[in-house]
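Participant: A predicted structure for the sequence below; I have some questions about it.
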Amino acid sequence: MPFLSRNKSLPLTGGSQLAWAEPALDPAPGGRLPGAAAGRSAFFETCANPGCASGWLHLWRSRQAPVFEGGWSCSARCTASLVAAALSRELDGRGGAQEDHRHRIPLGLLMLEQGWLSTRQLRRALDAQRGAGSGRLGYWLTRREGVSEQLVTRALGLQWSCPVLPADFHDAEALAVLLPRMFVEALGALPLRLAAGRLLYLGFEDRLDPVAALAVERMSGLKVESGLVRESLFGPAHRRMLSARFPSADLIEAGSEPALAQALAGAIERARPVASRLVRVHEYLWLRMWREAQAGPMPERNSIQDLICLIGAH
């Protein structure tokens, strides 16, 4: 399967253009992807809830599901305890990436330093941006001042210390199983390619979203590499992605953390998934349930169910 390699004509720094080439990755070290098939016994199973009080009664239960975050729960009460603990973890921010508040050199100044535009061009683009009251600086530089889109995207890559990713051979239908449509649309997260069965390239248009990238990485079990995509390539690929078939997804809004924990535990008990996981994506909580064991890194669309959750208006 194609992979990314750096174009040797460009420096190995942020903003470098990447091209698809052949992968050379070692096998994933230990562990399994969420939903991957694994041998399990119906008897002598240990409940994942540390506070479980059922003890030896486990021996007489044939219940093999649900499984939540790698652990089997012996009862609805234990499922509720596991979900409540995971929800508290996510809301405390211990499971997610922190927003990136590092100071970044303004795009215009960075391009001036690189010699990619003149002071006059920058001043006119800024005046046009202020006059219109909208539009990114890169838009006005390309539309009004004739600065190439490639240079603007490369400068954004330098600003974010990330590569510029290609969008050729983009298989939207195959990649749509990796995250809910809502995140593609609202966050601009665009899965581009899966390399060597475990490395996912995730593209964004003008800025990275490390919170979304980490959420996809934790949910899928794949290594995620983020980068920027040129606007003229991102738009068509993003539209193709939104037209693809995504897994079934429901939206849940709860008035409080305990109410949401109860709703999620109830959903897991009803679905009895062979695997399930909860991650935070900004203000949202994303629960994915696998109804069947998966044979590879790309889940079967009809075997997974997504729940997108929000705790009331703050």
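Facilitator: Yes, it's here.
Participant: list the pairing partners of whichever helix or strand Leu310 is part of within its sheet, with orientation.
Facilitator: Element membership of Leu310 [criterion: DSSP states H and E] is strand 304-311. Strand 304-311 has its sheet partners listed here by DSSP bridges as strand 248-254 (parallel), strand 284-290 (antiparallel).
Participant: export the ones you listed to a markdown table and tack on mean pLDDT, distance to Leu137 and mean neighbour count?
Facilitator: Heads up, the C-betas are built off the backbone N, CA and C, glycines and all. Compiled in a markdown table, the strands paired with strand 304-311 are given as follows (pLDDT from 0 to 100; distance: least, Cβ to Cβ, whole Å; neighbours: other Cβ atoms under 10 Å):
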| stretch | mean pLDDT | distance to Leu137 | mean neighbour count |
| --- | --- | --- | --- |
| strand 248-254 | 95 | 35 | 14 |
| strand 284-290 | 97 | 29 | 23 |
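Participant: nearest to Ile268, out of these?
Facilitator: Ile268 lies closest, by Cβ to Cβ, to one member of the strands paired with strand 304-311: strand 284-290, at 6.6 Å.
Participant: dump the closest one to CSV, restricted to CA.
Facilitator: Extracted in CSV, the C-alpha atoms of strand 284-290 (Å, rounded to 0.1, in the frame of the first residue of the first chain):
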residue,chain,number,x,y,z
TYR,A,284,-18.1,16.0,22.6
LEU,A,285,-17.8,12.5,23.9
TRP,A,286,-17.5,9.8,21.2
LEU,A,287,-18.6,6.2,22.0
ARG,A,288,-17.9,3.6,19.4
MET,A,289,-19.3,0.0,19.7
TRP,A,290,-18.1,-3.0,17.7
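Participant: what sits up against it?
Facilitator: 34-35, 66, 87, 90-91, 180, 183, 215, 219, 260, 264, 267-268, 271, 273-280, 299, 303-311 (Cβ atoms under 8 Å, 6 or more residues apart in numbering).
Participant: same question, stretch 303-314
Facilitator: 35, 91, 177, 180, 182, 247-257, 260, 263-264, 267, 271, 273, 283-292, 294.
Participant: of all the strands paired with strand 304-311, which one comes closest to Gly157?
Facilitator: Once those are compared by Cβ to Cβ, strand 284-290 is nearest, at 27.6 Å.
Participant: quick one, grab the pLDDT at Leu91.
Facilitator: Here the pLDDT value assigned to Leu91 is 93.
Participant: excluding chain neighbours, what is closest to it?
Facilitator: Glu257 (6.5 Å; Cβ to Cβ, 6 or more residues apart in numbering).
Participant: tell me which element the spatially most central residue of the chain is part of?
Facilitator: Centroid-nearest residue in the chain, with Cα atoms, centre = their mean: Val216, separated by 2.8 Å. Secondary structure assignment for Val216, by DSSP H and E: helix 210-220.
Participant: just the strands in this protein please.
Facilitator: Under the criterion DSSP state E, the chain contains strands at 3-6, 18-21, 67-68, 71-72, 190-195, 199-204, 223-228, 248-254, 275-281, 284-290, 304-311.
Participant: and those strands, which one is worst for confidence?
Facilitator: Taking the mean pLDDT of the strands of the chain, strand 3-6 comes last: a mean of 39.
Participant: burial count for Gly255?
Facilitator: Neighbourhood size, Gly255 [other Cβ atoms under 10 Å]: 10.
Participant: ok, Val224 next?
Facilitator: 20.
Participant: rewinding a little: what sits against the residue nearest to the centre of the chain?
Facilitator: With Cβ under 8 Å, 6+ apart, Val216 has these contacts: 178-179, 189, 191, 200, 202, 222, 224.
Participant: would you point out the most distant pair within these?
Facilitator: Ala189 and Leu222 (13.5 Å).
Participant: hmm, back to that, of the contacts of strand 284-290, buried ones?
Facilitator: Buried positions within these, assessed by neighbour count (16 or more other Cβ atoms under 10 Å), are 34-35, 66, 87, 90-91, 180, 183, 215, 219, 260, 264, 267-268, 271, 273-280, 299, 303-309, 311.
Participant: specify the beta-bridge partners of the nearest residue to Asp171 once chain neighbours are set aside.
Facilitator: Counting by Cβ to Cβ, 6+ apart, Asp171 lies nearest to Arg193, which is 7.9 Å off, once chain neighbours are set aside. Here Arg193 shows beta-bridge partners Tyr201, assigned using DSSP bridges.
Participant: Arg193 touches Ala172, doesn't it?
Facilitator: No - counting by Cβ atoms under 8 Å, Arg193 sits too far from Ala172 to count as a contact (11.2 Å).
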